[in-house]
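Enquirer: Sequence isn't available, so here's the structure alone:
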């Protein structure tokens, strides 16, 4: 599987049989997806920074909420959660997605605004790759993001939804990824352009890997 960060919470997961795009942002947020196509698009919540499915070509199957789906050999589980720590009272609901792709389990937390409850923790625990918001604002800040990492114990953690040059002020005042790395006790590494993974290439010890935003 090849994993590319396109900015904000948008990733491309390119497997042997299908390509997935998560949370595509609208151009109004300052990100440009370019000429992208996919077989599957997942939307964590109805916000312009995360739900621009029409910007993805290839007539993809669009998933907008919890449930179990199997599309072109990719098994996807959507889990209910909230965009805030008040059970959605301020910002509404959020969907977490688990992707079983190329013998790997990837978890995309969307705009999660709270630590995981027991049910979600059981589903997500021990995933291979965790795509985790860390920038604060209307989602997890660095400290709570570290709490979620300790709940999940993934092999690889990839931060997302933090301050980059592409985010306009309307997207919220986000913290840089350095704060999360400091809370995790890891160095701020040079971002990779993409990550290619197999079951056999997973690290023996947990790692935080930074990706450069392509969008």
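Expert: Cool, the structure landed. As the structure is a computational prediction, the values presented were derived from the model and not from experiment.

Enquirer: Skip ahead from the helix ranked longest in the chain and say which helix or strand is next.
Expert: Longest helix of the chain, by residue count under DSSP state H: helix 142-152. Downstream of helix 142-152, the first helix or strand assigned by DSSP states H and E is strand 156-160.

Enquirer: And the contacts of that next one?
Expert: Outside strand 156-160, the residues that touch it by C-beta atoms under 8 Å, 6 or more residues apart in numbering are 3, 5, 8-9, 11, 128-134, 145, 149, 177, 180, 184, 195, 197, 202-203, 206-211. (Each C-beta comes from the backbone N, C-alpha and C, glycine too.)

Enquirer: Could you check the angle the helix or strand following it makes with strand 156-160?
Expert: Moving toward the C-terminus from strand 156-160, the next helix or strand (DSSP H and E) is helix 177-184. Orientation check (axes from the mean of the first three to the mean of the last three C-alpha atoms, to 10 degrees): helix 177-184 against strand 156-160 gives 140 degrees.

Enquirer: Just after helix 177-184, pick out the following helix or strand.
Expert: Later in the chain than helix 177-184, the nearest helix or strand by DSSP H and E is strand 195-196.

Enquirer: Return the list of strands paired to that following strand, each annotated with direction.
Expert: Looking at strand 195-196 with DSSP bridges, its partner strands are strand 2-7 (antiparallel).

Enquirer: Quick check: buried residues in the partner strand?
Expert: Going by neighbour count (16 or more other C-beta atoms under 10 Å), the buried part of strand 2-7 is 3, 4, 5, 6, 7.

Enquirer: Report the separation between the third one and residue 121.
Expert: Summarising the geometry, the distance separating residue 5 from residue 121, computed by C-beta to C-beta, to the nearest Å, is 25 Å.

Enquirer: if we can go back for a sec, got JSON lines for the buried residues of strand 2-7, with distance to residue 48 and pLDDT too?
Expert: Shown next, in JSON lines, are the buried residues of strand 2-7 (distance: C-beta to C-beta, whole Å; pLDDT from 0 to 100):
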{"residue": "3", "distance to residue 48": "24", "pLDDT": "98"}
{"residue": "4", "distance to residue 48": "21", "pLDDT": "97"}
{"residue": "5", "distance to residue 48": "19", "pLDDT": "95"}
{"residue": "6", "distance to residue 48": "15", "pLDDT": "92"}
{"residue": "7", "distance to residue 48": "13", "pLDDT": "89"}
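
Enquirer: With adjacent residues omitted, what lies nearest to residue 163?
Expert: Excluding its sequence neighbours, the residue lying closest to residue 163 (C-beta to C-beta, 6 or more residues apart in numbering) is residue 174, at 4.3 Å.

Enquirer: what are the phi and psi values for the one you found?
Expert: Backbone torsions of residue 174, given as degrees, to the nearest 10, read phi -100, psi 150.

Enquirer: rewinding a little: list buried members of the contacts of strand 156-160 by neighbour count.
Expert: Among those, those buried by neighbour count (16+ other C-beta under 10 Å) are 3, 5, 8-9, 11, 128-134, 145, 149, 177, 180, 184, 195, 197, 208-211.

Enquirer: how about the residue nearest to residue 163, what does it touch?
Expert: 135, 136, 137, 161, 162, 163, 167.
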